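A.B. asks: Turn this into a model:
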Amino acid sequence: MEMLMTDRGTGRDRRPTDTGAAADTVPLLGSAAYDMGSGEIARARAFVREFLTDARSLHGMDVSERAMDLAQLVVSELATNVCKYAPGPCLLDLEAGDTVLDITMWDTGSVLPTARQADPTRAGQHGLEIVLAVCESFEVRREPVGKRVRVRISLLDVPRSGDAARSGGPTGSPSR
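C.D. replies: Here you go, the predicted model:
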């Protein structure tokens, strides 16, 4: 798997300024393709971690530890759904802007995911609930050869509005 990171439109890598902020506002992009066996979930998480680590260290982007953890969690949940419900390959696209990360997972499954009613007694099938709880936006679209799920998380260490009012942070665990 090769990680691709380029600026849209220019084809050049981002250059940090003296302050550590990005020199321009062109997003940093990354893509990876997988044949979604269970081992690929860990590879997808590692890809996101490497992408955000490089965005921070090589390109001067602000990426909080919270964002690093949430991005890996979200990709893990989306990839798990691909393994369970969508036969064939998938594509993971990442787009990091100044303050947000857009995560897009393309797969060959034709059934659109739907969140189930919250039920703390249910064993499993909480992945989409988790994704909806921690993401700023969620979009799913049918495509000619499957579907596309696109989510957005903040790269900053500021929870989205409403999360602060929840006890225990975005996933019900103690806040860091």
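
A.B. asks: and the nearest residue to residue 67 once chain neighbours are set aside, what does it touch?
C.D. replies: With Cβ to Cβ, 6 or more residues apart in numbering as the criterion, residue 67 has its nearest non-adjacent residue at 4.6 Å, and that residue is residue 155. (Each C-beta comes from the backbone N, C-alpha and C, glycine too.) Neighbouring residues of residue 155 by Cβ atoms under 8 Å, 6 or more residues apart in numbering: 52, 61, 62, 63, 64, 67, 96, 98, 99, 100, 101.

A.B. asks: Can you give me the end-to-end span of stretch 110-120?
C.D. replies: End-to-end distance for stretch 110-120: 28 Å, by Cα to Cα, to the nearest Å.

A.B. asks: Likewise for stretch 29-48?
C.D. replies: 11 Å.

A.B. asks: Would you mark the buried spots in it?
C.D. replies: For stretch 29-48, burial by neighbour count (16 or more other Cβ atoms under 10 Å) applies to 29, 30, 31, 32, 34, 36, 40, 41, 44, 45, 47, 48.

A.B. asks: Kindly report the same for stretch 96-112.
C.D. replies: Neighbour counts using 16+ other Cβ under 10 Å place 96, 100, 101, 102, 103, 104, 105, 106, 107, 109 of stretch 96-112 among the buried residues.

A.B. asks: May I ask which helix or strand encompasses the fourth one?
C.D. replies: It stands for residue 102. strand 100-107 (DSSP states H and E).

A.B. asks: Please state the mean pLDDT value computed over the helix or strand just after that strand.
C.D. replies: Once strand 100-107 ends, the next helix or strand along the chain (criterion: DSSP H and E) is helix 127-134. Helix 127-134 shows a mean pLDDT of 83.

A.B. asks: do the same with stretch 102-120
C.D. replies: 83.

A.B. asks: Can you name the residues in contact with that stretch?
C.D. replies: 36, 48, 71, 74-75, 78-79, 81-82, 85-96, 122, 125, 128-129, 132, 140, 142-143, 145-153.
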